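>>> Structure for this input, please:
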Amino acid sequence: MKTQTITLRVRGVDLEVEYEATQYIPERWTMSNGDPGYPAEGGDFEVYSVHHCGEDIFELLSDRAMEEIEEAFEKWCNTYEE
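Numbering: from 1, shown residues only. Reported below is the predicted structural model:
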């Protein structure tokens, strides 16, 4: 996987988030020919750094702040579907 960077707005603050994510592939119960489908996979998201005003603040963030960053990322993903 390749590390990517995105700007997310959390609580009105722009954060540069460096992350890796795997594409989510939803489950499929059966194939069109009747064969068994496959389970869901992917959708993992791991943050490596968070910058604000050029400073890395990753180590300063609380668990709740990280949850809010992940929620903002999920919201961004849902609006960025191709």
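>>> Identify each buried residue in stretch 54-70, please.
Neighbour counts over stretch 54-70 (16 or more other Cβ atoms under 10 Å) mark Phe58, Leu61, Ala65, Glu68, Ile69, Glu70 as buried. For the C-beta atoms, the positions are set from N, CA and C on the backbone; glycine is no exception.
>>> Tabulate those in a markdown table, adding columns for pLDDT and distance to Thr22.
Output for those, formatted as a markdown table (pLDDT from 0 to 100; distance: Cβ to Cβ, whole Å):
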| residue | pLDDT | distance to Thr22 |
| --- | --- | --- |
| Phe58 | 94 | 21 |
| Leu61 | 93 | 22 |
| Ala65 | 93 | 23 |
| Glu68 | 94 | 21 |
| Ile69 | 92 | 17 |
| Glu70 | 88 | 14 |
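>>> out of the residues you listed, which are inside helices?
Here DSSP state H is the test, and these give Ala65, Glu68, Ile69, Glu70 as lying in helices.
>>> and which of the buried residues of stretch 54-70 is nearest Asp44?
Glu70 (10.9 Å; Cβ to Cβ).
>>> Please report how far that closest one lies from His52.
The spacing between Glu70 and His52, counted by Cβ to Cβ, to the nearest Å, is 17 Å.
>>> so Leu8 touches Glu74, yeah?
No - at 10.4 Å, Leu8 and Glu74 do not qualify as touching, with contact defined as Cβ atoms under 8 Å.
>>> These two: who's more crowded?
Leu8 (19 against 12; other Cβ atoms under 10 Å).
>>> Who are the contact partners of the residue nearest to that one when sequence neighbours are not counted?
Counting by Cβ to Cβ, 6 or more residues apart in numbering, the nearest residue to Leu8 once its immediate chain neighbours are dropped is Ala72, at 4.4 Å. Contact partners of Ala72, counting by Cβ atoms under 8 Å, 6 or more residues apart in numbering, are Leu8, Arg9, Val10.
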